[in-house]
Structure formats: structure tokens, C-alpha cells
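Student: Could you look at this predicted model? Sequence included:
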Amino acid sequence: MSSSKTAIHFVLNGTKVSAEVGTNQNVIELLNQLNYRGARESCGQGLCGACTVLIDGVAFSGCLEFAAMLDGKEVRTIEGFEKDGVLDPIQEAFIEAGAFQCGFCTPGFILMIGQLLDKNPNPSEDQIRHYLSGNLCRCGAYPEIIKAVYLAIGKRKTSNSLHQ
Ligand code: FES
Ligand code: FES
């Protein structure tokens, strides 16, 4: 049986990318092939959130999506959060709060927190916990992650007021 490849073209963190993808290749395998290793395959079943990527602004589990479906889409990964060497406020907040141990889950959490704060800049703790319920941290850094969300909220407010 011949293994067929498909040419796809998409935008990855603002840069146009072309790739040849296999029929059964998933999004994480393609990102790894392109040396983007922030989103990681862990459970491989859509249960842990470690493989979260944003496709046209919507969060997907990269382990469950075929790479071929990226054709013509805009993809954002954790590598797109830093701008010109400056960390995003959510990344800074994670460092300040010590919101990780092994860091395996961290990119997925940061992407989801970015989505949450874009939609709701002042979420309650219940809303934060609910929104992040699809992201698992095996190291149990949940209290520090919640703390990081509040730190990020403050940093975003400061940054917005400085730019007004
Ligand atoms: S690796 Fe995709 S959800 Fe766990
Ligand atoms: S910091 Fe290790 S899994 Fe979350």
C-alpha cells in the first residue's frame, strides 16, 4: 500500500508555512516535524490539554486533529506568545507564581488562559476553574496556576492603562 502525502499551506504564528503531510499524521506530529515542540502529545485521547493549539482562534486538541485539516488555516502555538524576546504577561505570571514543575502542561494552560481573558478579562475563580477543566496538571500545580491567572489579569490591566 502506498503512503500518500498531501501538500498543505497554512499560517503558523504569523508565518506562512508549507508542508507535506501524511494521511494519518496528526497536528502535533506535524508541529514536531517543523521543530515546534511547545504543544505536546501526552494522553493522545483528547483528555489532558497538553497538546492544545489554536486553529483560527479556536482551541483544539492537536492529538485528535489530522494535520491535513490545517490547510488554509491560521495556527497559534505557545511559540507565538513571545514577541521580539518579550514574554506575554501570562507567561510572566506563570514564572512569578511558580505555576509549573515539569512544565509539560504549561503551554496548553497558557493558551487557554489567553482565550479566557480575551473573552472575559475579569473571570471569577469558578469561571477560571471551569474554563481550565480540560487541562490537567499531573504535578498538581493548580493553586499556583490560579494565582498566575490573577497575576496575569493585573498585568493585562496595567498594560492596557499604559497604552491608553
Ligand atoms: S495529548 Fe491531546 S488531549 Fe492529551
Ligand atoms: S507542571 Fe508538570 S504536568 Fe503540569
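Tutor: Received it, and whenever you're ready, just let me know what you need. Ligands and ions are numbered 1, 2, ... in the order given.
Student: Just give me the longest helix of this protein.
Tutor: Ranked by residue count under DSSP state H, the longest helix found in the chain is helix 142-162.
Student: Wondering if it reaches ligand 2 at all.
Tutor: No: counting by C-beta under 6 Å from any ligand atom, ligand 2 is not contacted by helix 142-162; separation bottoms out at 8.2 Å. For the C-beta atoms, the positions are set from N, CA and C on the backbone; glycine is no exception.
Student: So which elements touch that helix?
Tutor: Identification of packing neighbours for helix 142-162 by 3 or more C-beta pairs under 8 Å, 6 or more residues apart in numbering; DSSP states H and E yields helix 89-97, helix 106-119, helix 125-131.
Student: Touching it from outside, list them.
Tutor: 89-90, 92-94, 96-100, 109, 113, 116-117, 121-123, 125, 128-129, 132, 137 (C-beta atoms under 8 Å, 6 or more residues apart in numbering).
Student: Can I have the buried ones of those as a ChimeraX selection?
Tutor: Buried members of the contacts of helix 142-162, defined by 16 or more other C-beta atoms under 10 Å, are picked up in ChimeraX with:
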select :89,90,93,94,97,99,100,109,113,116,117,123,128,132,137
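Student: Keep only the contacts of helix 142-162 that also lie close to ligand 2.
Tutor: Among those, ligand 2 is touched by 100, 137 when using C-beta under 6 Å from any ligand atom.
Student: Tell me how far the one residue sitting closest to the centre of the chain lies from ligand 2.
Tutor: Nearest to the mean C-alpha position of the chain, by C-alpha atoms, centre = their mean, lies residue 111 at 3.5 Å. As judged by C-beta to the nearest ligand atom, to the nearest Å, residue 111 and ligand 2 stand 14 Å apart.
Student: Go ahead and confirm residue 50 touches residue 44.
Tutor: No: using C-beta atoms under 8 Å, residue 50 makes no contact with residue 44, being 9.7 Å away.
Student: The two: which has the busier surroundings?
Tutor: residue 50 (26 against 14; other C-beta atoms under 10 Å).
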